[in-house]
Structure formats: C-alpha cells, structure tokens
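In: okay, sequence plus prediction incoming.
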Amino acid sequence: MDTKNIHATDHSRVIIHIDIDCFYAQVEMIKNPELRNIPMGVQQKNVVVTSNYIARETGIKKCMLLEDALRICPKIVLVNGEDLHDYRQISYKVTTHLQKYSSQVERLGLDENFLDATSLVETKLKSKHENITAKGHIFGNNENNCDCGCQLRLTVGSEIAQEIRDSIRHEFQLTCSAGIAHNKLLAKLVGAKHKPNQQTLLYPNSTCELLYQLQNVVDIPGIGRAMGDMLKNLGVSTIRELQHLNFDKLKFAFGEEKAKLIQNLSNGIDNSPVKSSGKPTSIGLEDSCRNITAIGEVKDKLNQLMNRLMVLVSEDGRIPRTIKLTIRKFDSISKMSNRESRQTNITTSLFTVKSNSIELQQKSAQRLTSTIMTLFTKMVDVHKPYHITLLGLSFTKFLERMNGKSSITSFFRKNVEVQSITNIENKNDLTTSPMECTPFSYDLSGSESEFEPSPKKTKFSKLIAKRRCFEADDCPSPSKLKVADLRLSSAKNVSSDSSDSKNSFSDDNSNSICCPPNVDAAVFKEIPKELQQEVWNDYKREMNEKQEQKLQPVIKKPKTNTLLNYFLKN
DNA sequence: ATGGGTCCT
DNA sequence: AGGACCC
C-alpha cells in the first residue's frame, strides 16, 4: 500500500499556528503606550528588525536597513531592541498561557507557537453539536467534500483559535494571527494569509490552492537555502516542479528520507507532531568580530561573552553542565558556516546559587576561562598566526533547579545565602509547569516582583505531600513533571555507602538531629520529626559540599553515591 | 545580515 | 561536531 495516500488523507488532527503580530514592536508599545500612535521601529544594530503597523503603512518592512527606513519614514521613532530580555519573558508567558489549552505547544522562535488542538476539539464536539460556525477567514474557493469529519473538526478548531486569540489579547494586550489546518505546515502557511490580528482556516481541499500561491520551493518551511540550491540545480524551483520531480532523482540528491520528506511537504503533507517545548535546551551568545589575532583579545572577548551569558543563565534559573565554544576562522574564500566548536562538561559547583541569581565567583570564573581556553587550543594552534572572526559561548544540558523554595531546608531557612546547588531557590516559585509562572503583569522592571512566594502555610502543606525528586533537563518527558516537585535535595544522600535507596527519609548515619544554625529554631521545633531529620540532613550535606569545595577546589569530585550524582552522570 | 535557537546525523 | 533548518 502506498503510504503517501494514507498520509494524504489523514486529516485527523487540528493544528493551530499562532503568530504574534510584530512581536517586538508590540512589546515596546506595551512598555511605552505613547508609541502606539506613532510610527515606531525596533532597531538592532543598523537594522530595523520590525515595526508597528503605523510604520508599516509608510512602507517600512521587516529587517530594513536603518538608512532606508529613515529615508522612507523620517519620523519613525526607533527603540533599541538588542536586549531580548523582555521579549523572551513575555514570549514564555504566552507559551505558558497556551499550555492551558493543550499539552502540546511547540515554540518556533519567540513569536510563534503551534498548538495541537485535536483533543480539545474532540472534547468540545462531544458536548456541542449545534451552532458550530467557522470563525475568521476561510481560505480558498473549493467546496469541502472530504467525508472524514475534518470539516467539522477544523471548524471547531477555528472557534478555539478565536478564543485563544481573544484570551491572549485579554491577558497580554497582544494581538496575534492564527492559521488552522490539519497539520503544522499548512497551519503556518494559511495563517500568513490574513494579518495582523486575523485568522484563517484551511479545509484540506484547498491545500493545493494554498501551495500553488507560493513562489518557490524555499517558501515551504522545512526547505531551506541548502535544499533550495540543490533543487535549483535539479531544475526545480516551483512547488509544482517539486511535486512532479521524479522521486529517484530526488532520492539520489537527498537520500530517501529527506526526499520523501520534502516531496511530502510539496504536497502539503506534514506528519510531524507538535512537540512540547519546555525551557530552552541551550543558552548561548556569539559575537562576530574583525580579525582577532592575539590570545589576549580572545580572552577578553570571551570574558565579556561570559559575563553577558551569566546574566541569561541567572534569569533562566537552571544550572548548565556543559559549555561549548564556537569560533569562526578567517578564510580567504570565506565559505560561510566554517564554524568549529568544542564542548566539554563543567561541574555544577562552579556556580554560586543565590536566592535569585546564579553567579560565577572569581575563582570559578578563572577555572571556566581556562576550560574555555583549553577548548580554544583544541581548535587553534596558538603558536602559529591565526585570525578569528567570530567567538561564541553557549551552555547546554541544564539541571533544573528544584523549586528551591520547595526545598524543605530552604523553606525554613532564614535569609542566609548558601553556596550550593542543593540550596537553590527558583524565582519561578511553586509553578506547576516547566514554564508556568504567576499571572502576568507588565512590571518588567524586575523579574523577582512577579514571582512572589506563596504564603508559608500553603507552601508547607504542599511540601509535605511531595516526594523528593529532581530532574536534569535531558531526562525524558519534562512536560509531565511539575517544577514544584523538582527537588535536588535528598536527606540521606550525604552518606556514601552503596545501600542508598532513593526515597528514604530516615536511616541517617548519625543519630542526633539538631536545628541547623541557618534555620529558625522555633519553626524547627514545630515540624514533624521526619522533616526535622530531612532538614538536618540537608544542612549536613550542604556543609559537606562546602568542605569539599574548599578541600578540592579543582580536582574533579569523586563520584559519591548520592542521588544527585546518580542523576548527574550521563 | 546577525544572532539567537532546534533537531538530525 | 557539524549541518540544516527556523525566526
């Protein structure tokens, strides 16, 4: 049986693509409402990356050179948008909001999300059979005569999309556009048909009409420049040509998998699932530069990058476990993308974790720098002349902080900062999904203000119900785990014998339980004995770790048999 | 173009 | 580690 036909007629899903209109510009208008009524552009370097719609009426386009923009619209007010902090923050709030509608929400950049609304639609259809009317635009002129039930499902999908857009407007004062279709590719393509602040629904019968409106194969998301160039060499530039290209030729050029994939795309077939996005899997920065030739300059640039990067890591709240250095060597025939990179693991103990920040203290910074320079020398022979035109650093393999304030110890802790990852407090306190946070507010001045801890009593009752656990981000199914459940601390992990069981509260190796000096003794007295035990064990472990750090500042920690290490190795 | 990211090999 | 893709 031809699998192509199976896929071609599979309209079982309902996918909504949501694209926030001129996202950066909208954020800037929220921050400064005076910008709403005047032409305004967001500037990064010498480029106006986006603009509000008043500016667009004058002819300003996305990613226009500053010079051109000013010529077209001398009155345009420019806002610097190089600091992505606020955009990133609001972007994640929107995604988190969307997760209330579906567990399957996939981010694409800061301003786009796919949402799989299939089950939402099915649920809605069970209770509602009347008054189902398509919301927004419907693409195309074809009669829909598919009998698989997709028309009804997609129509309900358009109602849901409308609700979602309304809710985004209410919650965030952001307008967005949406596309509704039976797969991601088509949802994205059709959503672009009416913007801003509109939505478009595609029934499968109009798929070809939609595809044929594209000028070139590279207008299909998923077919990029590289494939576009190769296709061009095969004499293929239009969608039609790709659809009809001999499959063996395609297979020869791209291999069977890729060939099938892109030919499917050219037919509007896209079975890729909406993948739930969590927090970013990497956080990095890179700077292109002219001709760095001296090691001092390299170190300098890298230090600057690291300082900026630590701000991002601190905002993110997780502890990175690998670092990657990327360089670009000058190349006379500078074929782009001649980047090289090397990565290595780093120890979590490098990072000083405070209640609301993650920092690198001087010695750690020095250690990191030397680690990075080691990576550098793996790519560059520093004894010979060299020139570097780009330097980049990025962190990956993050360790999710347990929700710090859900740590028993940190819950009782007085305001004492302790240098240990077992003592992490997460600013996204008591959230219930990897990205969830407290209700949105436009106070962008300080992230902390948005993450006020819950009252102690609430927290306490939640806490004693929780099991201890924690999560490295590369562990499976992050979306199923609640951040509030994530715990790094574990009472008996101090012990290094091999009989550990992961969740046991008691059987400490020392008998007496005391109130740690950084815990309120009055509170300590009131809590159940098991909890006292755990608090005490937490404290002891912290002390042990501090000792370790002092005694073995550089040497790699021995693998003691702790829960932490059990998960860390990998 | 640049500077973020993701996923696949 | 690199490449291709996305915005």
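Out: Now that the structure is in, tell me what you want to look at.
In: when you work out contacts or count neighbours from here on, use the C-alpha atoms and nothing else.
Out: OK.
In: now for residue A:274, how many residues are close by?
Out: 20 (other C-alpha atoms under 10 Å).
In: that one reaches residue A:103, doesn't it?
Out: No. Contact criterion C-alpha atoms under 8 Å: residue A:274 and residue A:103 do not qualify, at 9.6 Å.
In: can you show me the helices along the stretch 301-450 of chain A?
Out: Secondary structure of the stretch 301-450 of chain A by DSSP state H, counting those that start in this stretch: the helices cover A:362-379, A:408-412.
In: of all those helices, which lies closest to residue A:39?
Out: helix A:362-379 (44.1 Å; C-alpha to C-alpha).
In: same question for the closest one, mean pLDDT?
Out: Mean pLDDT, helix A:362-379: 96.
In: what sits up against it?
Out: Helix A:362-379 has contacts (C-alpha atoms under 8 Å, 6 or more residues apart in numbering) with A:299, A:302, A:303, A:325, A:340, A:341, A:342, A:343, A:344, A:350, A:351, A:554.
In: run through the residues that contact residue A:138.
Out: Residues in contact with residue A:138 (C-alpha under 8 Å, 6+ apart) are A:200, A:201, A:202, A:203.
In: partner residues bridging it?
Out: According to DSSP bridges, residue A:201 are recorded as the beta-bridge partners of residue A:138.
In: now, which of the contacts of residue A:138 sits nearest residue A:157?
Out: For the contacts of residue A:138, the closest approach to residue A:157 (C-alpha to C-alpha) belongs to residue A:201, at 8.5 Å.
In: so that closest one touches residue A:189, yeah?
Out: No. Counting by C-alpha under 8 Å, residue A:201 sits too far from residue A:189 to count as a contact (10.5 Å).
In: the more surrounded of the two?
Out: residue A:201 (28 against 24).
In: from residue A:162, how far out is the closest residue to DNA strand B within chain A?
Out: Among the residues of chain A, residue A:280 lies closest to DNA strand B, at 3.2 Å counting by C-alpha to the nearest atom of the strand. As judged by C-alpha to C-alpha, to the nearest Å, residue A:280 and residue A:162 stand 28 Å apart.
In: higher neighbour count, the two?
Out: The neighbour count for residue A:280 versus residue A:162, taken as other C-alpha under 10 Å, is higher for residue A:162 (19 against 12).
In: in a helix, that's where the more buried one is, yeah?
Out: Yes. Counting by DSSP: H, G, I helix; E, B strand; the rest coil, residue A:162 is part of a helix.
In: these two touch, right, it and residue A:137?
Out: No. Using C-alpha under 8 Å, residue A:162 is not in contact with residue A:137; the gap is 11.0 Å.
In: residues in contact with stretch A:120-132: which ones?
Out: Residues outside stretch A:120-132 that contact it (C-alpha under 8 Å, 6+ apart): A:14, A:101, A:102, A:152, A:153, A:155, A:156, A:157, A:160.
In: what mean pLDDT does it have?
Out: 92.
In: so which bits of it are buried?
Out: For stretch A:120-132, a neighbour-count test (16 or more other C-alpha atoms under 10 Å) marks A:120, A:121, A:122 as buried.
In: and the furthest pair within the contacts of residue A:138?
Out: A:200 and A:203 (10.1 Å).
In: so between those two, which is more surrounded?
Out: Taking other C-alpha under 10 Å, residue A:200 and residue A:203 do not tie; residue A:200 has more neighbours (28 against 25).
In: that one contacts residue A:136, doesn't it?
Out: Yes. Judged on C-alpha under 8 Å, residue A:200 makes contact with residue A:136 at a distance of 5.8 Å.
In: now for residue A:200 and residue A:203: what residues contact both?
Out: A:138, A:139.
In: wait, what's in contact with residue A:305?
Out: A:285, A:286, A:392, A:393.
In: what does the stretch 151-300 of chain A have sitting close to DNA strand C?
Out: Proximity of the stretch 151-300 of chain A to DNA strand C is confined to A:218, A:220, A:221, A:222, A:223, A:224, A:225, A:226, A:227, A:228 under the rule C-alpha under 7 Å from any atom of the strand.
In: ok, now chain A?
Out: Chain A has residues A:108-112, A:218, A:220-228, A:337-344 near DNA strand C, with proximity defined as C-alpha under 7 Å from any atom of the strand.
In: what is the burial count for residue A:21?
Out: For residue A:21, using other C-alpha under 10 Å, the count is 23.
In: same check, this time on residue A:221
Out: Applying other C-alpha under 10 Å, we find 14 residues neighbouring residue A:221.
In: rewinding a little: just send the helices of the stretch 301-450 of chain A back as a markdown table, with mean neighbour count too.
Out: Compiled in a markdown table, the helices of the stretch 301-450 of chain A are given as follows (neighbours: other C-alpha atoms under 10 Å):
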| stretch | mean neighbour count |
| --- | --- |
| helix A:362-379 | 16 |
| helix A:408-412 | 23 |
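In: can you name the residues bridging to residue A:80?
Out: Applying DSSP bridges, one finds that residue A:80 bridges with residue A:43.
In: so who does residue A:180 touch?
Out: Contacts for residue A:180 (C-alpha under 8 Å, 6+ apart) come out as A:14-17, A:154, A:157-158, A:161, A:186-188, A:190-191, A:199-202.
In: if any of these are buried, put those into a PyMOL selection.
Out: Selection of the buried residues among the contacts of residue A:180 in PyMOL, burial being defined by 16+ other C-alpha under 10 Å:
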select buried, chain A and resi 14+15+16+17+154+157+158+161+186+187+188+190+191+199+200+201+202
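In: out of the contacts of residue A:180, which are inside strands?
Out: The members of those that map onto strands under DSSP state E are A:15, A:16, A:17, A:199, A:200, A:201.
In: mind putting these into JSON lines with pLDDT?
Out: Shown next, in JSON lines, are those (pLDDT from 0 to 100):
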{"residue": "A:15", "pLDDT": "98"}
{"residue": "A:16", "pLDDT": "98"}
{"residue": "A:17", "pLDDT": "98"}
{"residue": "A:199", "pLDDT": "98"}
{"residue": "A:200", "pLDDT": "98"}
{"residue": "A:201", "pLDDT": "98"}
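In: state the mean pLDDT of stretch A:318-338.
Out: 85.
In: list the buried residues in that stretch.
Out: For stretch A:318-338, by 16+ other C-alpha under 10 Å, it's A:318-330.
In: and for stretch A:302-318?
Out: Buried residues in stretch A:302-318, counted by 16+ other C-alpha under 10 Å: A:302-303, A:305-306, A:309-310, A:312-318.
In: show the contacting residues for the closest residue to residue A:46 other than its chain neighbours.
Out: The shortest distance from residue A:46 to any non-neighbouring residue, by C-alpha to C-alpha, 6 or more residues apart in numbering, is to residue A:66 (5.2 Å). Counting by C-alpha under 8 Å, 6+ apart, residue A:66 makes contact with A:43, A:46, A:47, A:48.
In: which among these count as buried?
Out: A:43, A:47, A:48.
In: assign a three-state SS to the last one, would you?
Out: The three-state label for residue A:48, taken from three-state DSSP, comes out as strand.
In: picking that back up, what's the closest of the ones in strands among the contacts of residue A:180 to DNA strand C?
Out: residue A:17 (11.0 Å).
In: ranges for the strands of the stretch 251-400 of chain A?
Out: A:282-292, A:319-329, A:339-345, A:351-353, A:358-360, A:388-399 (DSSP state E, counting those that start in this stretch).
In: right, and these - which one's nearest residue A:174?
Out: That would be strand A:282-292 among the strands of the stretch 251-400 of chain A, by C-alpha to C-alpha, at 25.9 Å.
In: so which bits of that closest one are buried?
Out: So, applying 16+ other C-alpha under 10 Å, buried residues of strand A:282-292: A:283, A:284, A:285, A:286, A:292.
In: per-domain residue ranges of chain A.
Out: Listed domain ranges for chain A are A:4-208, A:214-266, A:282-399, A:404-568 (source: automatic domain parsing).
In: among these, which gets the worst mean confidence?
Out: Of all those, mean pLDDT reaches its minimum on domain A:404-568 (a mean of 37).
In: shared neighbours of residue A:201 and residue A:189, which are they?
Out: Joint contacts of residue A:201 and residue A:189 (C-alpha under 8 Å, 6+ apart) are residue A:179.
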